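Peer 1: take a look and give me a structure for this.
(3 chains)
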Amino acid sequence: MIKYTLIPLLPLIAFVINILFGRNYIRDKAHWVAIPAIVGSLLLAISAFFDVAGGNVININVYDWIVSGDFNVSAGLMIDQLTAIMLLVVTICGTLIFIYSVGYMHGDEGYYRFFAYLCLFIFSMLVLVMGNNFLVMYFGWEAVGLCSYFLIGFWFNKKSAGDAGKKAFIVNRFGDFGFGLGVILIFLTFGTLDFVGVFGQAGSFAGQTINFLGWEVDLVTLICLLLFCGAVGKSAQLPLHVWLPDAMEGPTPVSALIHAATMVTAGVFMVARCNPLFIESPIAMNTVAIVGGVTAIFAATIALVQNDIKRVIAYSTVSQLGYMFLALGVGAFSAGVFHLYTHAFFKALLFLASGSVIHALHNEQDMRNMGGLKKYMPITYAVFIIGTLSITGIFPFAGFFSKDEILWRAFLAGDMGKFLWLLGTIAALLTSFYSWRLIFMTFHGDFRGTSEQEHHLHESPKVITVPLMILAVGAVAAGWVGIPPLFMEHGDKIGEFLAPVLGHPSGHGTHAQEWFVVGISSLVAVLGGIVAYVMYVKKTDIAGKIASAFKPVHALLYNKYYVDELYDTTLIQPVMKASDKVILGFIDKTIIEGIVNGIPNVIGVFSRKLRTIQTGVFGSYGLAMTVGALCIIGYLFFQR
Amino acid sequence: MVPLSWYIILSAVLFCIGVFGFLARRNMIVMFISIELMLNAVNISLVAFSHYLQQVTGQILVFFVITVAAAEAAIGLAILIAYYKNNPTVKADDASLMKG
Amino acid sequence: MTLVQGFFIYFAVAMTVLALLVVTRKSPMHSVLWMLAFFFHTAGLYLFLNAEFLAAAQIIVYAGAIMVLFIFVIMLLNLKKEETERKLQKHWVAGLVVSLVLMAAMVKILSGITVLPPLGEYSIQFVQLQGNLMTIGKVLYTQYLLPFEIASVVLLVAIIGAVVLAKKRIL
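Peer 2: Now for the predicted structure:
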């Protein structure tokens, strides 16, 4: 069992080696350190998966981390069914993306640094999913945020990349603040941070209230909402979604690994992990579901009109994360995790394929300057099509099963569930439209870039295309572990596998209803594709006409609902002004500098006087010593 | 019979002469000799106490004081020579490198 | 006034005068020579106090070793021109006052000693019976063995230290 501690440790060792020796010794051989480490983690993860599948839940305390009074935290690892799935997702995507990066980052001056950070990220992510208590999870949670910051700002001499890194970090602070408070509140309530201990007692605390800022609030609800704050920040849900599209300033493998497949799904993982708590609080569950549903449709509408290829996929990620939260919120935890798992494959595929396109066009990201790449990049085109079929939910691609499961579970979940199902279905329509729009703008029509770019157009090397093809296989087949009973009895392997941790979803519907849901979602998927085909291939002028006909709407979407501007005027500018005037002008310059300069000045005045005593002549010291001795004698004499 | 206090007063007087020599003289060698003088003055009182109290500890202590005095003289004079090599003077008030 | 008291007064007066000569002579060589005489008087005083061993040690260590060391150093350093300069520090008056006050205080306090602790076992007869050297030796090598050993280490350190300090360069 103890060998499983190597799963996070191998990437950590690779990180240490790369960061210490990369600059001077390893340089462009950094992948020879990083890839064996991640492959080692992958093999161990597979072994752990089979262990868990055999019924063993692994829970080891590596050592006592903090022992202070009643506060006992061990650095412990737990591998249960949920963690096993996450381990596979992280290590498989990680391995493929590491290999891809060898080609994509080739020749970059920060090559060793890139792999060092990636290794550190993998380590942090594995700690996050493997922790057996909230503090270890929190450690991983913050550490992945840190790595995300490093990697978004990887090209730090580009100002926009540095700004995006800072934005991601600061926006995440808002959420992490809530998460941190949630962890503290959990300790205050349950007296322990161990998952086993906390979830075991979750039921007995249901309905208790606590005085919070003068209101009596439900304790478990408060905990869940605070935890969900963290998930909102990390998984880029409304209203903290603003950092994720900007995070695309980072290298494309980073976008694929961190900002699509793994880190951003940490919020989903965390809510799923805490399902025994969330189940006790209907308010929290509804909040999760509504935030997820609204985010899904909100981000999808923005993605309709964006022109940056990576931003479209980024908003698509936000939207898909919204789907996962929708599933969690209606109590279908295993459906959410299932979608997380399939999404990791097809979204990593889409990102890496778009990276292949960007690579071929020498860092061109604007789709208006692309087009007609189909004949130059057949493999990329093919895998892109597969990824799109998967994300839009066409049978029998992976996305179909997970998305359909979510919509079906939402449909069953009461009146609000119907509303959420409607949101999800509309979002599916929009998803289909913008995904196909992306394909048509990029790969069809004529090439719209410069002739020099056209001259250099080429298919990417094997080291890039092979991971794409493997991921494409995943994007097709990953969903086959979750075939709903409608098509095949006992087809929902993943749901049964996760049931010990996540429970069985409630609600039953008729076959007719289920066929209806499946039919509608398939229909809108196809419909979105057809509309996109008409608008961007057949009659290319329609798009412009519609945009000018609905100019305010188009502007609203194109500017992402002005959320960034809203935050800028309501939060950032006042804070900047206040810090400039009050903190810098008054507190820092007047008070702090007054103190800092005042104390040495006073000391200086006194010491200039005092130092004349220090003559340096030891005769005078002897005299002073004798006088002192005399004084002591006199004191002792007269004291009696 | 000589009273104990005579010895003690003699010791005190000699000690203070040593103190004066240490405080007033410029020559570092003489200052060293004054220190030896003070140590001797203390030794006299220790031996006197030893005799009058019929204890042998005082004499043992004098023995140790002589040891320390020998060590002190050796080290002190070595420092003096080392100092003199860099700075050929033995005037105590010329050595003011540590002035604040 | 008994004969013993007369001898003591001679010693006291002679030692005071010698001590004053030591601290007032301009030439350090003179100081050292007066100091030598002072040490011999001290040894004589020790004989009065039945401390024969210490009297011998006083002459061997102080007069024989330490003072010779001083003479060597004075001869090693060329101090001709020092003798032409003033011999007292600027604050010598303060030093004089302080030492006089100290003397007054000590004489005042120490002459008031009246109460003595109970006498020990080493009476004059006992010591004479056993021999002074034997008495000191027995105590020194049993009760004070560890300090004795430490004293030897102190001397060793002093030897090494003196070599290190006086040598021009080590290694």
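Peer 1: confidence score at C:Met1?
Peer 2: Looking at C:Met1, its pLDDT stands at 69.
Peer 1: repeat that for C:Val97.
Peer 2: On the pLDDT scale, C:Val97 gets 91.
Peer 1: am I right that it is in a helix?
Peer 2: Yes. Under DSSP: H, G, I helix; E, B strand; the rest coil, C:Val97 falls within a helix.
Peer 1: ok, it - how many residues close by?
Peer 2: 14 (other C-beta atoms under 10 Å in any protein chain shown). For every residue, glycine as well, the C-beta is placed using N, CA and C.
Peer 1: distance of it relative to A:Ala629?
Peer 2: 14 Å (C-beta to C-beta, to the nearest Å).
Peer 1: kindly report the same for A:Asp446.
Peer 2: Noted for A:Asp446: a distance of 103 Å to A:Ala629, by C-beta to C-beta.
Peer 1: one more: A:Ser522?
Peer 2: Per C-beta to C-beta, A:Ser522 is found 102 Å from A:Ala629.
Peer 1: which one's more surrounded, these two?
Peer 2: Ranked by neighbour count (other C-beta under 10 Å), A:Ser522 and A:Ala629 place A:Ser522 first, with 17 against 13.
Peer 1: can you pull the contacts of the closest residue to A:Asn275 other than its chain neighbours?
Peer 2: Excluding the flanking residues, the one nearest A:Asn275 by C-beta to C-beta, 6 or more residues apart in numbering or on different chains is A:Phe333, at 4.9 Å. By C-beta atoms under 8 Å, 6 or more residues apart in numbering or on different chains, the contact list for A:Phe333 reads A:Ala272, A:Asn275, A:Ala327, A:Leu498, A:Leu502, A:Gly503, A:Pro505.
Peer 1: isn't the fourth one up against A:Thr83?
Peer 2: No. In terms of C-beta atoms under 8 Å, A:Leu498 does not count as a neighbour of A:Thr83; the distance is 10.6 Å.
Peer 1: tell me the secondary structure for the nearest residue to A:Gly372 once chain neighbours are set aside?
Peer 2: Once flanking residues are discounted, A:Gly372 sits nearest to A:Phe447: 4.3 Å by C-beta to C-beta, 6+ apart. Under three-state DSSP, A:Phe447 falls in the coil class.
Peer 1: check A:Phe447 and give its pLDDT.
Peer 2: Per-residue confidence (pLDDT) for A:Phe447: 81.
Peer 1: ok, now which ones touch it?
Peer 2: Contacts of A:Phe447 (C-beta under 8 Å, 6+ apart): A:Met370, A:Gly371, A:Gly372, A:Leu373, A:Gln453, A:Glu454, A:Leu457.
Peer 1: and for A:Arg448?
Peer 2: A:Arg368, A:Asn369, A:Met370, A:Gly371, A:Gly372.
Peer 1: now the buried members of those residues.
Peer 2: Among the contacts of A:Arg448, the ones that count as buried by 16 or more other C-beta atoms under 10 Å in any protein chain shown are A:Met370, A:Gly371, A:Gly372.
Peer 1: what's the nearest residue to the second one if we skip its chain neighbours?
Peer 2: Read it as A:Gly371. A:Gly445 (4.3 Å).
Peer 1: could you measure from the one you found over to A:Leu566?
Peer 2: For A:Gly445, the distance to A:Leu566 - C-beta to C-beta - is 36 Å.
Peer 1: circling back: confirm for me that the residue nearest to A:Gly371 is in contact with A:Asn369.
Peer 2: No. Contact between A:Gly445 and A:Asn369 fails when scored by C-beta under 8 Å: they sit 11.9 Å apart.
Peer 1: point out where chain A drops to low pLDDT.
Peer 2: Chain A contains residues with pLDDT under 70 at A:1, A:640.
Peer 1: any idea which helix is longest in it?
Peer 2: Assignment by DSSP state H gives helix A:159-190 as the longest helix of chain A.
Peer 1: cool, and chain B?
Peer 2: Longest helix in chain B, counting by DSSP H: helix B:57-86.
Peer 1: report the buried residues of it.
Peer 2: For helix B:57-86, by 16+ other C-beta under 10 Å, it's B:57-67, B:69-78, B:80-82, B:84.
Peer 1: whichever strand or helix holds C:Ser152 vs chain B: in contact?
Peer 2: Using DSSP states H and E, C:Ser152 sits within helix C:145-166. Yes. In terms of C-beta under 8 Å from any C-beta of the partner chain, part of helix C:145-166 sits within range of chain B, namely C:Pro147, C:Ala151, C:Val154, C:Leu155, C:Val157, C:Ala158, C:Ile159, C:Gly161, C:Ala162, C:Val163, C:Leu165, C:Ala166.
Peer 1: who touches the third one in this structure?
Peer 2: What it means is C:Val154. By C-beta under 8 Å, 6+ apart, the contact list for C:Val154 reads B:Thr67, B:Val68, B:Ala71.
Peer 1: could you rerun that using 10 Å?
Peer 2: Contacts for C:Val154 (C-beta atoms under 10 Å, 6 or more residues apart in numbering or on different chains) come out as B:Phe64, B:Thr67, B:Val68, B:Ala70, B:Ala71, B:Glu72, C:Pro147.
Peer 1: next one: the last one
Peer 2: For C:Ala166, the contact set (C-beta under 10 Å, 6+ apart) comprises B:Ala74, B:Ile75, B:Leu77, B:Ala78, B:Ile79, B:Leu80, B:Ile81, B:Ala82, B:Lys85, C:Val73, C:Leu76.
Peer 1: for it, give its distance to B:Met28.
Peer 2: Shown here: C:Ala166 relative to B:Met28, a distance of 15 Å by C-beta to C-beta.
Peer 1: buried sites along the helix or strand bottoming out on mean pLDDT in chain C?
Peer 2: Every helix and strand of chain C was ranked by mean pLDDT, DSSP states H and E. The lowest is helix C:124-130, at a mean of 83. Within helix C:124-130, the residues that qualify as buried are C:Val127, counting by 16+ other C-beta under 10 Å.
Peer 1: what's the closest non-adjacent residue to C:Val98?
Peer 2: A:Thr626 (5.2 Å).
Peer 1: how much space separates that neighbour from B:Val42?
Peer 2: For A:Thr626 relative to B:Val42 (C-beta to C-beta), the value is 15 Å.
Peer 1: give me the more crowded residue out of these two.
Peer 2: Ranked by neighbour count (other C-beta under 10 Å), A:Thr626 and B:Val42 place A:Thr626 first, with 21 against 18.
Peer 1: now do the buried residues in the host helix or strand of the more buried one.
Peer 2: Using DSSP H and E, A:Thr626 sits in helix A:618-639. Buried residues in helix A:618-639, counted by 16+ other C-beta under 10 Å: A:Phe618, A:Gly619, A:Ser620, A:Gly622, A:Leu623, A:Thr626, A:Val627, A:Leu630.
Peer 1: is the second one in contact with B:Val30, as I believe?
Peer 2: No. The pair A:Gly619 / B:Val30 is not scored as a contact, 11.7 Å apart, by C-beta atoms under 10 Å.
Peer 1: looking at it, A:Ile210 is touching A:Leu226, isn't it?
Peer 2: No. Counting by C-beta under 10 Å, A:Ile210 stays clear of A:Leu226, with 11.8 Å between them.
Peer 1: which neighbours do these two share?
Peer 2: Joint contacts of A:Ile210 and A:Leu226 (C-beta under 10 Å, 6+ apart) are A:Leu185.
Peer 1: so these two - more neighbours on which side?
Peer 2: A:Leu226 (21 against 16).
Peer 1: using the three-state scheme, assign the more buried one.
Peer 2: Of the three states, A:Leu226 takes helix under three-state DSSP.
Peer 1: which residue, other than its chain neighbours, is closest to it?
Peer 2: In space, A:Leu226 is closest to A:Gly182, 3.3 Å off (C-beta to C-beta, 6+ apart).
Peer 1: now find how far off-centre the lengthiest strand in chain A is within its chain.
Peer 2: For chain A, the longest strand by residue count, based on DSSP state E, is strand A:58-68. Centroid separation between strand A:58-68 and its chain, computed with C-alpha atoms, centre = their mean, to the nearest Å, is 26 Å.
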